[in-house]
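> Let me see the structure of the following:
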Amino acid sequence: MSKYGLIYIVSNSEQKKNLFKIGKTSRSIEERIKELNSATGTLGKFVPHATFLVKDIDEMEKYIHKKLSKIRYQKNREFFEANYTELLLKVEELISAECLKRDVITVPDKKIVKKLNEKKIQLEKEFLTDDIDMDNLLEDSINENKSILENKEKDKKEEIKTNEKFVNYQLQTFNKNLNKLIKSLSKHKYIQFYITDKPPGYEHILRCLVVIGPDDEKENFESVKHHSKFFTPFKSDIAAFKIEFIYYRGGIRIGKLTPHYRIGDTYNSTHNLGEIFNLGKFFKFLILDMGKLISNYKLIYQDSDDYKINHRKKYIVDNSLGDFDEPYEGDDDLGLEPEDEDKSRFSFDDCDYSHALDMFKKHGE
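Numbers count the residues shown, from 1 in each chain. You can find the predicted model right below:
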């Protein structure tokens, strides 16, 4: 069933230059802008540039996104990187046959429009030409490609350098907050932290195993002794989870751990869908969840029934740790629906490496 609405072009001053969001809404553009600006974790303010009223916003949005796939900033996002005037003209061309009403809020650059029109005319004139200057064309091609390759190499070196600085900054932040977390929880002796730098087979990570030990001094001592040597479950442990810092990107992820149901001395692991780069927010939610875990731990032993105790042990991490997944935005090819960013602890920006790098360039260096 067709759905009337607006296809819109908007941008955010806090995001990189020439980055525009092309989306859809069945409401007014004012309502949609208000919604975007109130989303959790959004920096800056979104502003509208142009809207197009169409009969079927779902089909038209899919069509535009498909046609503009080459300039899509990230595969699972609605952002496109281009000069505004060029982007506007392209969208107008794609939507012209289905557009019922057009409202251009930001006027396109007249010089760019003129230049594009001249280029179009030139291409039309060249269509039937039989006079090609091969020597100059070849020379121009060699020089142009040489320049492109040199600039790419320069940009690549600069990108590697910036990434190294960003990862070091993130690592310092991670270590600082992890030490604070360990200190805050130090009086709860049954919570132990075991840090392994670049474990075999996982040389790209720094791993922290968090073990919730038994409420028995002797058994807890045996658990600590066990985990000082092994990354495997101890028979009396109640629960465990791991925190991992990814060296090559500066992101962090968390995984719940349960003993393998068939092989008792190995872990089953569940990971989040991606990395989180907003480390401040990550540790904020982690310490809040540890508060829940401590409360749930105390409840375990308030009942003398062994079955109930074991049942509570099994679910302590699941009932304590909240959602550390990134909000997933749907992919048309897979037919998946996007999650509501407002209902997630972390925004798309919190889990976007490119956005994190942009923020570091702007505020961290």
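
> could you point out which element follows the helix or strand bottoming out on mean pLDDT in the chain?
In the chain, no helix or strand scores lower on mean pLDDT, DSSP states H and E than helix 306-320, which sits at a mean of 66. Note on helix 306-320: by DSSP states H and E, the next helix or strand toward the C-terminus is helix 353-359.

> all helices of the stretch 1-150 of the chain, in order?
29-37, 57-67, 84-95, 110-126, 134-184 (DSSP state H, counting those that start in this stretch).

> between those, which gets nearest to residue 10?
Residue 10 lies closest, by CB to CB, to one member of the helices of the stretch 1-150 of the chain: helix 29-37, at 6.8 Å. C-betas here are computed from N, CA, C, even on glycine.

> helices or strands up against the closest one?
In this structure, helix 29-37 makes packing contacts with strand 5-12, strand 19-25, strand 46-54, judged by 3 or more CB pairs under 8 Å, 6 or more residues apart in numbering; DSSP states H and E.

> Could I have the CA atoms of the shortest one written out in CSV?
These are the backbone C-alpha positions of strand 19-25, laid out as CSV (Å, rounded to 0.1, in the frame of the first residue of the first chain):
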residue,chain,number,x,y,z
LEU,A,19,27.5,14.6,4.8
PHE,A,20,23.7,14.5,4.3
LYS,A,21,21.0,12.3,5.5
ILE,A,22,18.3,11.4,2.9
GLY,A,23,15.3,9.9,4.6
LYS,A,24,11.5,9.7,4.6
THR,A,25,8.7,10.7,6.9
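
> what pairs with it, and is each one parallel or antiparallel?
strand 5-12 (antiparallel), strand 79-81 (antiparallel) (DSSP bridges).

> okay, these, which one's buried deepest?
strand 5-12 (a mean of 22; mean count of other CB atoms under 10 Å).

> a markdown table for the helices of the stretch 1-150 of the chain, including mean pLDDT?
Output for those, formatted as a markdown table (pLDDT from 0 to 100):
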| stretch | mean pLDDT |
| --- | --- |
| helix 29-37 | 89 |
| helix 57-67 | 92 |
| helix 84-95 | 93 |
| helix 110-126 | 87 |
| helix 134-184 | 93 |
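
> circling back: reformat the strands paired with strand 19-25 as TSV; add mean pLDDT.
Formatted as TSV, the strands paired with strand 19-25 follow (pLDDT from 0 to 100):
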stretch	mean pLDDT
strand 5-12	93
strand 79-81	91
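
> Quick check: which of these is nearest to residue 200?
strand 79-81 (39.0 Å).

> Give me the distance from that closest one to the chain's centre.
15 Å (CA atoms, centre = their mean, to the nearest Å).

> Name the residues that touch it?
By CB atoms under 8 Å, 6 or more residues apart in numbering, the surrounding residues in contact with strand 79-81 are 15-16, 18-22, 68, 71-73, 87.

> Same question for stretch 223-240.
Counting by CB under 8 Å, 6+ apart, 190, 192, 194, 196, 199, 207, 209-214, 216, 219-220, 222, 257-259, 264-267, 297, 300, 313, 316-317 sit against stretch 223-240.

> Just list what the strand or helix carrying residue 255 packs against, helices and strands only.
In this assignment (DSSP H and E), residue 255 forms part of strand 251-259. Contact analysis of strand 251-259 by 3+ CB pairs under 8 Å, 6+ apart lists helix 134-184, strand 239-246, strand 267-271, helix 279-300, helix 306-320 as its packing neighbours.
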